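K.L.:
Below is the structure, and that's it, no one-letter string:
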């Protein structure tokens with residue numbers, strides 16, 4: 001059966017998404033979370049499905065995806081997490097083996113750059129960033145990782161060297 005206004009489930013999901021986004025913008029975050037939980041329970045009870053798990057409650061603009069230091073990158077991850085509306089246990093549950101609970105907490109609690117790119121990608125994807133923004137976050141991570149490695153190694157011409165002393169009998 002075709003519907004002139006599109007699939008009713010897609011329309012319902014889109015309308016709930018707009019409601020949740022609209023509520024979260026003017027500072028009514030508690031109402032936005034309550035609306036999200038209500039639609040989640042409704043869809044689960046009536047249809048056995050849940051709402052789209054990767055839609056953020058508040059969109060992150062691409063212009064906000066900036067970080068020049070490790071601390072700024074971790075702060076960016078915290079902002080992305082806060083806007084997702086997901087709790088840390090929910091994030092961990094959705095990530096499965098790729099991102100254990102202890103690693104989810106570690107990503108947000110310390111001020112160091114995460115070491116595993118697959119964990120960063122999984123984290124921001126589950127938080128609801130669209131693929132172009134996920135790619136931008138991964139570019140930031142790679143750039144900062146490269147800078148960190150250069151700082152640890154130092155310039156190429158300052159490599160340590162060894163002198164071999166041969167004694168003759």
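P.N.:
Everything's here; your move. As the structure is a computational prediction, the values presented were derived from the model and not from experiment.
K.L.:
from here on, contacts and neighbour counts on C-alpha atoms
P.N.:
Fine.
K.L.:
Local confidence estimate at the nearest residue to residue 81 once chain neighbours are set aside?
P.N.:
Residue nearest to residue 81 in three dimensions, not counting chain neighbours: residue 127, with 5.9 Å by CA to CA, 6 or more residues apart in numbering. pLDDT for residue 127: 87.
K.L.:
okay, now residue 127: neighbour count?
P.N.:
The local packing of residue 127 (other CA atoms under 10 Å) involves 24 other residues.
K.L.:
Repeat that for the one 3 residues further on.
P.N.:
The number of residues packed around residue 130, counting by other CA under 10 Å, is 16.
K.L.:
And for residue 167?
P.N.:
When neighbours are counted by other CA under 10 Å, residue 167 registers 5.
K.L.:
which element is it on?
P.N.:
Secondary structure from DSSP states H and E places residue 167 outside every helix and strand.
K.L.:
Work out for me the element the residue minimising distance to the centre of the chain sits within.
P.N.:
Geometric centre of the chain, nearest residue: residue 124, 1.7 Å, by CA atoms, centre = their mean. Per DSSP H and E, residue 124 falls inside helix 117-127.
K.L.:
do residue 35 as well
P.N.:
helix 29-47.
K.L.:
following that helix, which helix or strand shows up next?
P.N.:
helix 70-84.
K.L.:
Tell me which other helices or strands the helix or strand following that following helix touches.
P.N.:
Remark: after helix 70-84, the chain's next helix or strand is helix 88-95, criterion DSSP H and E. Contact partners of helix 88-95 among helices and strands, from 3 or more CA pairs under 8 Å, 6 or more residues apart in numbering; DSSP states H and E: helix 101-109, helix 117-127.
K.L.:
May I see the buried residues of the longest one?
P.N.:
Just to be clear, that refers to helix 117-127. Of the residues in helix 117-127, 119, 120, 121, 122, 123, 124, 125, 126, 127 count as buried by neighbour count, 16 or more other CA atoms under 10 Å.
K.L.:
need the residues you listed in TSV with distance to residue 43, can you?
P.N.:
Shown next, in TSV, are the buried residues of helix 117-127 (distance: CA to CA, whole Å):
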residue	distance to residue 43
119	30
120	30
121	28
122	25
123	25
124	25
125	22
126	20
127	20
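K.L.:
any idea which of these is closest to residue 47?
P.N.:
Relative to residue 47, the closest of these is residue 126; by CA to CA it sits at 22.7 Å.
K.L.:
show me where pLDDT drops low in the chain?
P.N.:
1-7, 9-10, 13-14, 21, 24-27, 49-60, 151-166, 168-169 (pLDDT under 70).
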